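Asker: the following comprises the amino acid sequence and a computationally predicted model.
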Amino acid sequence: MEQPIFSLDIGTRTVIGLIAEGDDLSITAACTHEHVERSMADGQIHDVEKVASVVRDVKKELEEAIGHRLSKVAVAVAGRALLTSRGNVTVEMPFHEISRNDTIELELEAVTKARMDIGISEGFNCVGYSVVSYGLDGQSFLNPIDQKGRSLSVEVLATFLPEAVVNSMFAVLKKVELEAISLTLEPIAALNVAIPKDMRKLNLALVDIGAGTSDIAITADGTVVGYGMVPEAGDEITDIICDNYLVDFSKAEMIKRSLITENSVKIEDIFGQTTEVDTSEVIGVIEGKVDDLAKHIAEVILSINEKTPRAIICVGGGSQTVLIQERLAHYLDVNPRRVGIRLPEVIESIVDRTGKVTGAEMITPLGIVQTAHTGSGIEFMDVTVNDTDVQIMNINGLVVMDALVAAKIERVYGRLGRGLILTVNSSSLTVKGELGENARILLNGKEAHLGDTLHKGDRIKFEYPKDGTDAHILVSELGDRLDILPVDIILDGKQTRVEPHVTINGRSALGDQAIPDRADVIIRASSLSDLMDPGVEECGEIVVTVNRSIRHLTTTGKRVLINGTYIDSIDISNHDLKDGDRVQMTENDADLRIHDLIGCPENGKDMKVYVNDQEVIFSGKRGTVILNGKETSVSDSVHNGDVIITKNGIDADPKMSDVLEYIGIRREDIVGKIIRMYLDGAPAKFTTELTEGCSISIDLVTRGPGNGSE
């Protein structure tokens, strides 16, 4: 014979026990006992011995009713002990196509963040989470998988259950010699009977209004996506009736329940005086408190769900309080027909043969029966993570991520090393840190992912992620990045390397110096000024004009020539050095000469020709130097205010007539004679222009019969 199911609902004010038998789940015994003292608060067991005493009484009464001993029990832990928190995480990664593994790894970090945000670390188990939203490169996505990007974010809503809630429950059961064969959460138990299975995909709110608290569970897509709790419930309303009409708590409870069905109520106060009061008067007394309770419940529903659910299902004894449904509909802005109470009478899967299973407070005990019957309670699965035993609550199936969360492992991503933000030559420059190395997960010795299914006894080895190295950059490395490099020159005959000029926050820096974060860096190519001795006193200076250009010349200190050209003092700091430059630096004697500035002007080119087979050279005109309007030589001294103009010589440009003069033929020599002139074999005239290397032939012929003129 199949053993009956013993269902036990340990509440803040009462303990309800049910016995269910057979496949039709017939309720064959039921009883309710109140706590004699306040041994529980807000669903949490505070005095194990006193709670065990009440449970023992319930167990004894049921054993007498069915005629045999009870040793196994189905129970539920209070949903009001659950903590819900949101966690947001963003990770930067190389541009790639997002995979499911990427999202679940980020979800793990978000759950950890949610745990940290509510200030819990030890003693809490994550019993579930749902993704609120994803983001990819700053844009919101319902599902980023198969999309491409480099910045992935996720927000989750995670729920945590204190281990103490489960431990205290087991402590009570141990004292009364009961073994838990099924364990669930009270909101899940209530859902199992209050909401038909095919309706659980809808976005619904289950509100369990008990004695001390109002527990809330939100469903969507066939599962519970969030929990909440309001630390107010039916007892606060009962207390107002007690205070206003001077009645004890049990009588106030009876008055509160009769407000729905009666037009008037008889009230006997502590003095024994009986008064008949209209129901409307009592409702007026409690209306403000009912309104507050409904408002607070609605606020929690909206904070968890971020929108109005499709419907609100009310269970628990407090849900039968007058006006509560109407006020919930008002604050949630829904049709009042979408707010209702689920009573045991409408549950077809369970048959009550005792007549005691009535009222919304029986929904959770019936849900515990249903959960035990279907075997859908919480399974405690034992696995190991890095050789440490970890016990996990299995509500909706477990994956590797659940074990890592239970083991307090916070992340699988290797973080990007911290970067440097620099100001370089008045522009912002970011130096990125190195990429981190993600964690490695082995499940029973094989490579695994966070979404892989877990089984009892599985062994997980988790190799922690390695963070990337923080950004680090030397002065020389910055120069390489900006292509501002050292140059190799010949200085006064010696091979010399000159580094770029660099300052960090106004102080000179060398190539092997590290640059700190937020530094203000000035870096420029090496110039002639970097070769100057900073200890030399400021030089004397004169100003002259050379070929209409103003020149600033030093008269003391160093005289600088680069590749043979004198460099003005004003240009020294602006003259960048280049590889291979030949630099000469000599002491300046203050007696500057023109050739120190410009050298000698160029002479015009000579022209070589051949006259009657004899080489003849025509000289080009020499270059000239004009100093203050007068021709002078390049060896003359230069003084402040001088104006110097140089003129290059003109190339030789002889004509045939110049040849006669050059070879000494005088005018009287040609009287009575004929001149025959040929240029490269062709007849020529006095005005014929000569060319380099040409051959000239000149003959003087005496006039006579048969001779022509020229």
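Answerer: Ah, there it is.
Asker: any idea which element I240 lies in?
Answerer: helix 234-245 (DSSP states H and E).
Asker: my error: substitute H330 in the last question.
Answerer: helix 324-332.
Asker: then G377?
Answerer: Going by DSSP H and E, G377 is not in any helix or strand.
Asker: which parts of the protein are helices?
Answerer: Applying DSSP state H to the chain gives helices spanning 48-66, 100-117, 163-175, 186-194, 234-245, 249-258, 279-305, 324-332, 363-374, 400-406, 475-482, 594-597, 656-662.
Asker: would you mark the buried spots in the helix holding H330?
Answerer: 324-325, 327-332 (16 or more other C-beta atoms under 10 Å). C-beta coordinates here come from the backbone N, C-alpha and C atoms, glycine included.
Asker: likewise for stretch 259-268?
Answerer: So stretch 259-268, judged by 16+ other C-beta under 10 Å, has buried residues 259, 265, 267.
Asker: surely V36 meets V54?
Answerer: Yes: counting by C-beta atoms under 8 Å, V36 does reach V54; the two are 7.2 Å apart.
Asker: of the two, who's got more company?
Answerer: Between V36 and V54, V54 has the larger neighbour count (other C-beta atoms under 10 Å), namely 21 against 10.
Asker: next, count neighbours for T14.
Answerer: Neighbours around T14, by other C-beta under 10 Å: 18.
Asker: how about I674?
Answerer: Using other C-beta under 10 Å, I674 has 15 other residues around it.
Asker: for it, give the beta-bridge partners.
Answerer: V701 (DSSP bridges).
Asker: tell me the confidence at it?
Answerer: pLDDT recorded at I674 is 81.
Asker: D389 now?
Answerer: 86.
Asker: what's the separation between it and S168?
Answerer: Applying C-beta to C-beta, to the nearest Å, the value for D389 to S168 is 21 Å.
Asker: what about these two, which has more around it?
Answerer: Between D389 and S168, counting by other C-beta under 10 Å, S168 is the more crowded of the two (21 against 9).
Asker: can you give the domain ranges for this structure?
Answerer: 196-341, 382-420+431-463, 607-702 (automatic domain parsing).
Asker: winner for burial among the ones you listed?
Answerer: Highest mean neighbour count of the domains of the chain: domain 196-341, a mean of 18 (counted as mean count of other C-beta atoms under 10 Å).
Asker: just the terminal-to-terminal distance for that domain.
Answerer: Across domain 196-341, the terminal residues are separated by 14 Å (C-alpha to C-alpha, to the nearest Å).
Asker: so where's the stretch 51-200 of the chain uncertain?
Answerer: For the stretch 51-200 of the chain, the stretches with pLDDT under 70 are 79-81, 119-123, 128.
Asker: center of the protein, which residue is that?
Answerer: T90 (4.1 Å; C-alpha atoms, centre = their mean).
Asker: how many residues are close by the residue nearest to K72 when sequence neighbours are not counted?
Answerer: Once flanking residues are discounted, K72 sits nearest to I181: 4.6 Å by C-beta to C-beta, 6 or more residues apart in numbering. Neighbourhood size, I181 [other C-beta under 10 Å]: 16.
Asker: contacting residues for I181?
Answerer: 72-74, 372 (C-beta atoms under 8 Å, 6 or more residues apart in numbering).
Asker: make it 10 Å
Answerer: 3, 5-6, 71-75, 372, 375, 377 (C-beta atoms under 10 Å, 6 or more residues apart in numbering).
Asker: kindly report the same for G419.
Answerer: 430-434, 468, 470-471, 517.
Asker: could you dump the residues you listed to TSV with pLDDT and distance to N125?
Answerer: TSV is the format used below for those (pLDDT from 0 to 100; distance: C-beta to C-beta, whole Å):
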residue	pLDDT	distance to N125
T430	92	42
V431	92	42
K432	89	38
G433	89	35
E434	89	36
G468	89	32
D470	92	35
A471	92	39
D517	93	40
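Asker: just checking, which of these belong to strands?
Answerer: 430-431 (DSSP state E).
Asker: which one of the contacts of G419 is nearest to L482?
Answerer: V431 (12.0 Å; C-beta to C-beta).
Asker: ignoring the adjacent residues along the chain, who's closest to V132?
Answerer: Spatial nearest neighbour of V132, chain neighbours left out: E155 (4.3 Å); criterion: C-beta to C-beta, 6+ apart.
Asker: out of the domains of the chain, the one nearest R353 is which?
Answerer: R353 lies closest to domain 196-341 among those, at 21.7 Å (C-beta to C-beta).
Asker: got the contact list for the residue nearest to S53 when sequence neighbours are not counted?
Answerer: Leaving aside its sequence neighbours, S53 sits nearest to V36 (C-beta to C-beta, 6+ apart; 7.9 Å). Applying C-beta under 10 Å, 6+ apart to V36 gives the contacts 50, 53-54, 57.
Asker: okay if I get these as TSV plus distance to E447?
Answerer: Below are the contacts of V36 laid out as TSV (distance: C-beta to C-beta, whole Å):
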residue	distance to E447
K50	52
S53	54
V54	52
D57	55
